[in-house]
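Q: this one's structure only:
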């Protein structure tokens, strides 16, 4: 990603170019400039769909530690070379431009721009920031469900017990199944609740699987010991 800053003052135009290698591209990137003790920072971010796999977002932010004449920021999101979302904002101490678009599989690029005009009564001048992210492919799909491992379980023989199973990620609702459950136990296919009353002593290896609405699955495995009560008549 390249960020270019153009600084114009009373003197000749000064051009400074900051080139970042691909290994140094971290979103959000940042840059800063200052005039007469007023410092301004530039921080673009995106494009990504981390928060919601169905939506691609990007933003462009400029913030100063003092008031300036004006701040303008904008951001564009392109998919496969076409602009699909834009945003812009104005301010005098800071400004944030935000853009979002429904996620469609493709190659996304975010173009961010920021400009600062300093007070004319002090030192006239301006800062201009630009950034362009590398082309990033987004497939817009959440990952498969991840079933939380409840850890090893233990129940006395002939006692009743219940164990709720949970999953994150994927696309709800989930369909639950289990294999290797202790004798007397079963799992609710809709809620993932394992319940029942144990009938046979032993150590069982249980595998619980959740299948999401898109057909993707996730599993976890744990042991469940059914033990004899040390003193059943105490």
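A: Looks like it arrived, so ask away. Note that this is a predicted model, so its numbers are computed, not measured.
Q: Am I right that residue 199 is in contact with residue 184?
A: Yes. With contact defined as Cβ atoms under 8 Å, residue 199 reaches residue 184; the gap is 4.1 Å. For every residue, glycine as well, the C-beta is placed using N, CA and C.
Q: got the domain boundaries for the chain?
A: For the chain, the structural domains run 2-138, 146-227, going by automatic domain parsing.
Q: looking at these, which has the lowest confidence?
A: For these, mean pLDDT drops lowest on domain 2-138, to a mean of 77.
Q: which ones are touching residue 148?
A: 165, 166, 167, 168, 220 (Cβ atoms under 8 Å, 6 or more residues apart in numbering).
Q: these two touch, right, the third one and residue 219?
A: Looking back up the chat, that one is residue 167. No. Here residue 167 does not reach residue 219: they are 9.9 Å apart, not a contact under Cβ under 8 Å.
Q: Which neighbours do the two have in common?
A: Residues touching both residue 167 and residue 219 (Cβ under 8 Å, 6+ apart): 147, 210.
Q: quick one: which of those two has more around it?
A: residue 167 (23 against 18; other Cβ atoms under 10 Å).
Q: residue contacts, the more buried one?
A: Neighbours of residue 167 in contact, by Cβ under 8 Å, 6+ apart: 145, 146, 147, 148, 174, 192, 210, 218.
Q: My read is that residue 179 contacts residue 206, right?
A: Yes. Using Cβ under 8 Å, residue 179 is in contact with residue 206, at 7.3 Å.
Q: how many neighbours does the nearest residue to residue 193 once chain neighbours are set aside have?
A: On the basis of Cβ to Cβ, 6 or more residues apart in numbering, the spatially nearest residue to residue 193 that is not a chain neighbour turns out to be residue 164, at 5.2 Å. A count of neighbours around residue 164, defined by other Cβ under 10 Å, yields 12.
Q: any idea how far residue 191 is from residue 164?
A: 8 Å (Cβ to Cβ, to the nearest Å).
Q: One more: residue 201?
A: 28 Å.
Q: Then residue 143?
A: For residue 143, the distance to residue 191 - Cβ to Cβ - is 22 Å.
Q: How about residue 198?
A: Taken as Cβ to Cβ, the span from residue 198 to residue 191 is 20 Å.
Q: The two: who's more crowded?
A: When neighbours are counted by other Cβ under 10 Å, residue 198 and residue 191 differ, and residue 198 comes out ahead with 22 against 13.
Q: I'd say that one and residue 154 touch.
A: No. Using Cβ under 8 Å, residue 198 makes no contact with residue 154, being 10.2 Å away.
Q: what bridges to residue 58?
A: With DSSP bridges applied, residue 58 shows beta-bridge pairing to residue 99.
Q: So between residue 199 and residue 184, which is more surrounded?
A: Counted by other Cβ under 10 Å, residue 199 and residue 184 do not tie: residue 184 has more neighbours, with 18 against 12.
Q: Next, that one: phi, psi?
A: Phi and psi for residue 184, reported as degrees, to the nearest 10, are phi 100, psi -10.
Q: wait, what's in contact with it?
A: 196, 197, 198, 199, 200.
Q: So which of those residues sit within strands?
A: The strands in this structure, assigned by DSSP state E, contain 196, 197 from the contacts of residue 184.
Q: can you redo the contacts of residue 184 as CSV with distance to residue 86?
A: Listed next are these as CSV, based on distance: Cβ to Cβ, whole Å:
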residue, distance to residue 86
196, 57
197, 62
198, 62
199, 65
200, 65
